[in-house]
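Novice: Sequence plus predicted model, see below.
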Amino acid sequence: MTESNDMLEIAKTATKEVAKDIYADVGESIVKPTGELIGLVPRAVKAALLPLEKWVLQREYNLNEIKKSLAQKLENVPPENIQSPEAHIAVPAIQYMSYCMDNKELRDMYANLLANSMNSVVKNGVHPGFVEIIKQLCPDEAKILRYLSAHPTVPTVTLRYEREKGHGIDIIKNFSLVGELSHCENPLEVNLYFDNLIRLGLLEGAPPLSSLTDKTLYEPLKKHPYIQANTNPEYVQATGNTSTSINEGFMRLTDYGKAFCKICLSNAR
């Protein structure tokens, strides 16, 4: 049995013992007189912190797994090019990576970031802000960024309900097929993901009244069942509106977003 497996087994055994002790403590307190029920509070806190205690017990195992991942990422890099990473990048990256070992998308981003920060050829392209950006991404957003790294500009449409005298409201904003193409768990939430990626400086939307030259790119969006269902005349009128319009636009990676994808979505070379 390897050292990392030994640590994992120790962690599992210790966690089971802690859980057994908590269960016994809580069960015992329940049948005590009312005046002694206050003892449930610290025990409940102990139970609530059990997942964190498990993480602490597994941290050496996680570190060994991180080392294995970095070795794979750097296997094609000449040994003389491998250097110690900057502490202000590596320390938080390793810490955050250990929190998401069960999520492939985010774990892989941290691993790429660490590996590239250890490669003397590309380490100057590693911005300290990249660590904090990954921390603020959900797995679906990581998938979208991976797709955008190969397709930096994607078409979007915004569905608008209108009444008389030009008054109206955007019902579906910045709809895109990126959610489906990147296999997101919630592909129809792509507009929310776009908002976060814009907030982080990785993405930018089209300027007002701007769209892509190739109009055929918008046809699959306009014919999508989600858009079609919301442009049904009877449904629109039932909401008190008289007509709909679809505005064409696009989303594209910023220069900062391209740099982020280059470092965090590709193996060190």
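Specialist: Nice, I can see it. Quick caveat: nothing in here was measured; it's all calculated off a predicted structure.
Novice: my read: Gln185 touches Ala142, true?
Specialist: In this structure residue 185 is Glu, not Gln. No. Look at Glu185 against Ala142 with Cβ atoms under 8 Å: they stay out of range, at 11.5 Å. Every C-beta, even on glycine, is put in place using the N, C-alpha and C of the backbone.
Novice: and Tyr161, helix, strand or coil?
Specialist: Three-state call for Tyr161 (DSSP: H, G, I helix; E, B strand; the rest coil): strand.
Novice: if I pick the closest residue to it other than its chain neighbours, what's in contact with it?
Specialist: Spatially, and ignoring its direct neighbours in sequence, Tyr161 is nearest to Asn241 (4.0 Å; Cβ to Cβ, 6 or more residues apart in numbering). With contact set as Cβ atoms under 8 Å, 6 or more residues apart in numbering, Asn241 has these partners: 161-163, 168.
Novice: Okay, and Asn241 sits in which element?
Specialist: For Asn241, there is no host helix or strand (DSSP states H and E).
Novice: ok so, going back, neighbour-wise, which of Glu185 and Ala142 wins?
Specialist: Neighbour totals were compared for Glu185 and Ala142, and Ala142 leads with 22 against 10 (other Cβ atoms under 10 Å).
Novice: State the phi and psi torsions of the more buried one.
Specialist: phi -60, psi -40 (degrees, to the nearest 10).
Novice: ok, so what distance separates Val154 from Ile227?
Specialist: According to Cβ to Cβ, to the nearest Å, Val154 stands 16 Å off from Ile227.
Novice: One more: Gly168?
Specialist: Gly168 is 16 Å from Ile227, where distance means Cβ to Cβ.
Novice: try Met97
Specialist: 39 Å.
Novice: Over to Thr153?
Specialist: Taken as Cβ to Cβ, the span from Thr153 to Ile227 is 20 Å.
Novice: Kindly report the same for Arg43.
Specialist: Applying Cβ to Cβ to Arg43 and Ile227 gives a distance of 53 Å.
Novice: Then Ala87?
Specialist: 49 Å.
Novice: neighbour-wise, which of the two wins?
Specialist: Taking neighbours as other Cβ under 10 Å, Ala87 and Ile227 compare with Ile227 leading, 18 against 8.
Novice: and that one, what element?
Specialist: Going by DSSP H and E, Ile227 is part of helix 225-230.
Novice: other SSEs contacting that helix?
Specialist: strand 153-162, strand 168-175 (3 or more Cβ pairs under 8 Å, 6 or more residues apart in numbering; DSSP states H and E).
Novice: wait, which of these is closest to Thr216?
Specialist: strand 153-162 (9.7 Å; Cβ to Cβ).
Novice: What angle do strand 168-175 and that closest one make with each other?
Specialist: Taking axes from the mean of the first three to the mean of the last three Cα atoms, to 10 degrees, one finds strand 153-162 and strand 168-175 inclined to each other by 160 degrees.
Novice: Sweet, I'm off.
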